[in-house]
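*Asks:* no FASTA, just this:
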C-alpha cells in the first residue's frame, strides 16, 4: 500500500504544484485496513458506515481540524462526513471542539412521523442552552430517516455507529425495525438504543446485553385492552387486519388469547398483510366478508387506507362497522382519511399508552407548538423523554470514564430512585449537578412515570381509549376512557 501511495505522490509532483488536484491536497481517501496503510496525517477510518471498506481520512483531534465544514472529528480521530444519504438532519454546534454526538432514527419522511425527531432536537437544544454535559461538552444530534424500511434503518445505524461513533441512538420507532437494528448493528457495537414507540412484547426478551431500552410500555397490556374493548363494544364478529411484523404479531397474540374466552373461533378472524408493498384495495378485496360488526386494525400508517377500503365494501352491503385501532394507526393519515369520509368518524375508537402526564406534558406541548407550529399527535413526548434519559444518564457516568453505551445503560439505574425530578428544561441544571456529584434522582417524564425495569429496559405506563373529535384541519384524537389492569384476570375499561 505504501508503494501505491508513493506512486501517487510522485505522479502529483510530476504534474507540478499548479496542476495538483485539490482533492489530493485535502485528503487521501485510499482503501486501508489499519493506520499503517495511511500517509502521515491520515488515519484509517470507516466511511458511510461500511465497516469492511475503510479509507484513509484526515486525522483530527477536534472537528475544527477538518478542512471540510461538512465533516466532523469522529471517535477514531478521523475527519468524516456527518451527513449520509439517509441522515440529513443535525442539531447542535457540531463544529465545536467539545461535543458529544447522539443519533436519532425514525420514519421522518412519512407524514406525521417526524415529531419524534423534532422532540429529540428540542431536548438537545434545551440541554445546550442550560450548559450541556457536566464537563461543558455540548450535545449534537444527527437525525436519520428509516423510511419504514429495515435495510434503510440499518444503513442509518451503521453511519451513526461506525462512521460518527455515537454511544446512543433514540429510535427506531417500529418494533421490527428496532429489533433488527439492535441485533445487527448497535448491540454488537456496544451502543445504547432507546425507542419512544417500539411496543412489541418480543423486545422484552431480546438478547441485548442491557443495551435496548424504551420509554413506552410493552403491548402485553395493550393487546389485553384491545380484546376487552371489543367485548365492551358488543362486537360479536370481529375481523382483524394485522401487519406482519413484530408489532402486529405481538398484538395479535395477546388479542387472540383474550378473545378466545369471549367469542368462538369463527367469530374472530385475523388477516395478515405484508410489512412492505401493501395494496390495501386488493388485500381488503380478498379479506372482506359481510357481517363483521367490528374491524380491528393492528398496524401503523397504512391502517387508514385499509379502513377506507373496508368501509367502501361495507357501505355497499348497508353495514357500518366499528373500527378499533391500536396506537400505531393514530397518525395524520387517519385524520386525513376521516376528513374525506366524515361518516366514519363516530365509529372510530383506539387504544394508546397514556402519553400525557398532566402539567409536565402541557408545558412540553406548549413549547413544541411554539417552536414547530404543530400539535403532538403520537410519541413526541416519549421521544423527548428518551433524549433526556440518555443525557441524564451521561451526566451520571463518572468523570473520566468513556461515554460508552454500556456506561450509559448502567447509569440509567441512577434515574429511578431519589428525589423526584420532572423532565422540564428549567430542572436540568440542578439534576445534572446532583448526578455529577454521585446522587440518584427519580425522573418523571412528560409521557408518564419512567419506572424502568433495569433487567429488561422496559417501562410501565397506563392505557387510554381515544376517539376523534373536530372536523377538517381541526380534527384531533381525544381521550374517551381509561383501561385499568387487574392483578389477576382481565382488566376493565372506564369509558366516558
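*Replies:* Perfect, thanks for sending it. Every value quoted in this text rests on a predicted model; they were computed, and no experiment measured them.
*Asks:* So for the chain, the centremost residue is which one?
*Replies:* residue 171 (2.6 Å; C-alpha atoms, centre = their mean).
*Asks:* ok, now which ones touch that one?
*Replies:* Shown in contact with residue 171 (C-beta atoms under 8 Å, 6 or more residues apart in numbering): 103-106, 116-117, 146, 178, 193, 195-196, 383. To be clear about C-beta, it is placed using only N, CA and C from the backbone, and glycine gets the same treatment.
*Asks:* With residue 344 instead?
*Replies:* Contact partners of residue 344, counting by C-beta under 8 Å, 6+ apart, are 307, 311, 323, 337-338.
*Asks:* now do 10 Å
*Replies:* The neighbours of residue 344, taking C-beta atoms under 10 Å, 6 or more residues apart in numbering as the test, are 307-308, 310-311, 314-315, 320-323, 337-338, 468.
*Asks:* same check, this time on residue 35
*Replies:* For residue 35, counting by C-beta under 10 Å, 6+ apart, the contacting residues are 42-45, 54, 56, 59, 76-78.
*Asks:* Please tell me how far it sits from residue 491.
*Replies:* Going from residue 35 to residue 491 by C-beta to C-beta, to the nearest Å gives 59 Å.
*Asks:* And residue 226, its phi and psi?
*Replies:* When read as degrees, to the nearest 10, the backbone of residue 226 gives phi -60, psi -40.
*Asks:* hang on, it packs against residue 483?
*Replies:* Yes - in this structure, residue 226 is within contact of residue 483 by C-beta atoms under 10 Å, at 9.4 Å.
*Asks:* among the contacts of residue 171, which are in helices?
*Replies:* With DSSP state H as the criterion, helices contain 116-117, 178, 383 from among the contacts of residue 171.
*Asks:* that older thread, what about the contacts of residue 35, which one has the most neighbours?
*Replies:* Using other C-beta atoms under 10 Å as the neighbour criterion, residue 78 leads those with 28 neighbours.
*Asks:* quick one, what contacts the residue nearest to it when sequence neighbours are not counted?
*Replies:* Using C-beta to C-beta, 6 or more residues apart in numbering and skipping the chain neighbours, the partner closest in space to residue 78 is residue 45 (3.4 Å). Residues near residue 45 by C-beta under 10 Å, 6+ apart: 29, 32, 35, 38, 54-59, 74-80, 162-163, 165.
*Asks:* same deal with residue 93?
*Replies:* 63, 99, 128, 132, 138-140.
*Asks:* Run a quick check on residue 145 versus residue 85, I expect a contact.
*Replies:* Yes - using C-beta under 10 Å as the test, residue 145 is close enough to residue 85 to be in contact (9.5 Å).
*Asks:* so residue 296 sits in a helix?
*Replies:* No - going by DSSP: H, G, I helix; E, B strand; the rest coil, the assignment for residue 296 is strand, not a helix.
*Asks:* Against residue 357, how distant is the closest residue to it other than its chain neighbours?
*Replies:* Once flanking residues are discounted, residue 296 sits nearest to residue 240: 4.2 Å by C-beta to C-beta, 6+ apart. Residue 240 sits 31 Å away from residue 357, going by C-beta to C-beta.
*Asks:* go on, residue 105?
*Replies:* Counting by C-beta to C-beta - residue 105 and residue 357 are separated by 25 Å.
*Asks:* Of the two, which one has the most company?
*Replies:* Neighbours per residue (other C-beta under 10 Å) separate residue 105 from residue 357, with residue 105 holding more: 32 against 22.
*Asks:* and the more buried one, what does it touch?
*Replies:* 86-87, 116-117, 142-146, 152-154, 156-157, 159-160, 169-173, 177-178, 181, 186, 193, 195.
*Asks:* try it again with 7 Å
*Replies:* Taking C-beta atoms under 7 Å, 6 or more residues apart in numbering, we find residue 105 in contact with 144, 146, 153, 156-157, 169, 171-172.
*Asks:* of all those, which two lie farthest apart?
*Replies:* Pairwise distances across the contacts of residue 105 (C-beta to C-beta) peak at 11.2 Å, for the pair 146 and 169.
*Asks:* Tell me where the stretch 201-350 of the chain has strands.
*Replies:* 212-214, 238-243, 268-273, 294-298, 322-325, 348-353 (DSSP state E, counting those that start in this stretch).
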